[in-house]
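K.L.:
Below: sequence and its predicted model.
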Amino acid sequence: MILPMRRSTPLHNFVASVAVLAAATACAFGSELAAQQAPVMDRSMFSDPRGPYLGEAEVKRTAGRFPFYWTRAMYSGGGFRRGSWAVDFPKSDQQFLIVIKRLVRLNAYDWENPVGLWDPDLRKFPLIYMLEVGGMYLTDEEVVGLRGYMEAGGFVIVDDFWGGRQWDNFLWNMRRVFPDRTIVDIDLDHPVYSAYYNIDEVIQVPAIGNTYRTAECAGCYPQVKGMYDDDGRLMMMINFNTDLGDAWEWAEQPSYPLEYSTYAYQLGANMIVYAMSH
């Protein structure tokens, strides 16, 4: 259950302290991954204060056990060994959950939840997170799956892609999903910016190795865009020329500026509260 309680005070110190806790408990596990297969992670070697890890099959079978799952969309393409969908995975997801559960008082499953766009079980999860979409190449099955998910009421958060070339690739894929729908700017007067925290500025969030100049390409400024259905419901929120996931992943690092991680967690909280209440 989500309790939308708007906050207007800075949460710098809170994010910093909770991120330290997250770093102590969120463990990144390396594992080989076949194409279109979620990684299997052995958690028998450590003690962790979070709830039980259910595993992919058990999560799908008992999807109603928790009111909310932070679900990462798996898709084809990207050029990485595991696919670009897996960038920052699973530490970013785990640490984001630890912090966001405290900020929003969110009753959520404690662990990452990767689900393929081709998987019929995707519709069990009302919100999905997609990143590094600048190199994705959706299969026909994934196109159908994503279209059906969004038309059925699903909400998609897109993050971490940069520059005109990656935008064009993302747009080409989305035109396959919805040939006739337009992508528009989401201005600061949109309710998503006040759904939980009051946000009055769109900040460019850098990758951990790029904090000295934030942008990953010349002339790239942060943009937030969206896609709506016929009834005016926001189906997709697109964070372009920014990297929220890296801020979630590295908030505990002293070298990562607190202003960026604070904004990233605030916007993350707002997107969840807005999506789950609309």
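P.N.:
In hand now; what should we look at?

K.L.:
what's the neighbour count on D48?
P.N.:
Residues lying near D48 (other Cβ atoms under 10 Å) number 15. From N, CA and C alone the C-beta is placed, and that goes for glycine too.

K.L.:
what are the ranges of the strands in this protein?
P.N.:
Per DSSP state E, the chain carries strands over the ranges 71-74, 113-116, 127-131, 155-159, 184-185, 223-228, 234-240.

K.L.:
Can I get the ones you listed in CSV including mean neighbour count and distance to D93?
P.N.:
Output for these, formatted as CSV (neighbours: other Cβ atoms under 10 Å; distance: least, Cβ to Cβ, whole Å):
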stretch, mean neighbour count, distance to D93
strand 71-74, 25, 6
strand 113-116, 23, 8
strand 127-131, 23, 8
strand 155-159, 24, 12
strand 184-185, 10, 28
strand 223-228, 18, 21
strand 234-240, 22, 16
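
K.L.:
Just tell me which of these ends up closest to F178.
P.N.:
Between F178 and the strands of the chain, the shortest separation by Cβ to Cβ is 7.0 Å, and it involves strand 223-228.

K.L.:
Direction included, what does that closest one pair against?
P.N.:
As defined by DSSP bridges, the strand partners of strand 223-228 come to strand 184-185 (antiparallel), strand 234-240 (antiparallel).

K.L.:
follow-up on the earlier one: of the strands of the chain, which approaches V87 most closely?
P.N.:
V87 lies closest, by Cβ to Cβ, to one member of the strands of the chain: strand 127-131, at 6.0 Å.

K.L.:
All the helices of this protein, residue numbers only.
P.N.:
Per DSSP state H, the chain carries helices over the ranges 12-25, 56-61, 91-104, 140-151, 163-177, 244-250, 258-277.

K.L.:
Nearest to E201, out of these?
P.N.:
helix 258-277 (8.2 Å).

K.L.:
now for that closest one, which elements pack on it?
P.N.:
Identification of packing neighbours for helix 258-277 by 3 or more Cβ pairs under 8 Å, 6 or more residues apart in numbering; DSSP states H and E yields helix 12-25, helix 91-104, strand 127-131, strand 155-159, strand 234-240, helix 244-250.
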